[in-house]
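Chemist: Need coordinates for the below:
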Amino acid sequence: MKTLSVPTFDHENKFTGYKKVKVKNKIDHADEMKVLNLLPGFPQGYCPALSKITETKEPIEITRFYDVRQRGIKNLKNLFITIEDRSNDDADGNTISIVWSIDDVMEQAKQDEKEITEDQARKVLKMMKDNHDCNYGITWETISAYIDQI
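Modeler: Numbers count the residues shown, from 1 in each chain. Next comes the predicted model:
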């Protein structure tokens, strides 16, 4: 699995930030749809660069998904879909990193039968980072405890 950072937008098509989207190492139609569903308005669909991003690691400006004649397309310039490259984590065998995402927090909340928003999940991640104790690490129980605090 790979992780893409995809620009997100509000109901008025204003840029709000980035969402992490997990895709297969070889992107298929379902992965493309996950990305397209986050883009504003009516993207035209297929962009060959998207199916190759896991190989090329080249950022993709989201205007490539639209017809240049579409209204408002200029507002989307300089917003890119990028791939998170963690290939250097253990390049020399001297480092590792463990990554938790809002998807993990949201899934744990679901397992705990609690509904939280993405903003609340981000707060949980921040609490996890700010209060991390290297003697105990972070577990699913840790995440549940922080969910209980919001």
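Chemist: from here on, contacts and neighbour counts on C-alpha atoms
Modeler: OK.
Chemist: quick one: low-confidence ranges for the protein?
Modeler: Scanning the chain with the threshold set as pLDDT under 70 gives 45-46, 72, 85-93.
Chemist: Quick check: I60 vs M128, distance?
Modeler: 32 Å (C-alpha to C-alpha, to the nearest Å).
Chemist: beta partners of the residue nearest to the spatial centre of the chain?
Modeler: With distances taken as C-alpha atoms, centre = their mean, K20 lies nearest the centre of the chain, 0.3 Å away. Beta-bridge pairing for K20 (DSSP bridges): S5.
Chemist: hang on, isn't it packed against T8?
Modeler: No: counting by C-alpha atoms under 8 Å, T8 is not a contact partner of K20; they are 9.9 Å apart.
Chemist: For the residue nearest to the centre of the chain, give me its contacts.
Modeler: For K20, the contacting residues are T3, L4, S5, V6, by C-alpha atoms under 8 Å, 6 or more residues apart in numbering.
Chemist: E141 versus that one, what's the distance?
Modeler: Distance of K20 to E141, computed by C-alpha to C-alpha: 23 Å.
Chemist: tell me which residues in the helix or strand where E32 lies are buried?
Modeler: Assessed by DSSP states H and E, E32 sits inside helix 29-36. Judged by neighbour count using 16 or more other C-alpha atoms under 10 Å, the buried positions of helix 29-36 are D31, E32, V35, L36.
Chemist: Let me know the next secondary structure element after that helix.
Modeler: helix 48-56.
Chemist: Could you name the helices and strands sitting against that following helix?
Modeler: Secondary-structure packing of helix 48-56 (3 or more C-alpha pairs under 8 Å, 6 or more residues apart in numbering; DSSP states H and E): strand 80-83.
Chemist: Let's see the longest helix along the chain as CSV, backbone CA atoms only.
Modeler: Secondary structure assigned by DSSP state H gives helix 118-130 as the longest helix of the chain. C-alpha atoms of helix 118-130 as CSV (Å, rounded to 0.1, in the frame of the first residue of the first chain):
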residue,chain,number,x,y,z
GLU,A,118,-12.0,14.1,11.1
ASP,A,119,-11.1,17.2,13.1
GLN,A,120,-11.6,15.3,16.3
ALA,A,121,-9.4,12.5,14.9
ARG,A,122,-6.7,15.1,14.2
LYS,A,123,-6.9,16.3,17.8
VAL,A,124,-6.5,12.7,18.9
LEU,A,125,-3.3,12.4,16.8
LYS,A,126,-2.0,15.6,18.2
MET,A,127,-2.7,14.4,21.8
MET,A,128,-0.9,11.1,20.9
LYS,A,129,2.1,13.0,19.6
ASP,A,130,2.2,15.6,22.4
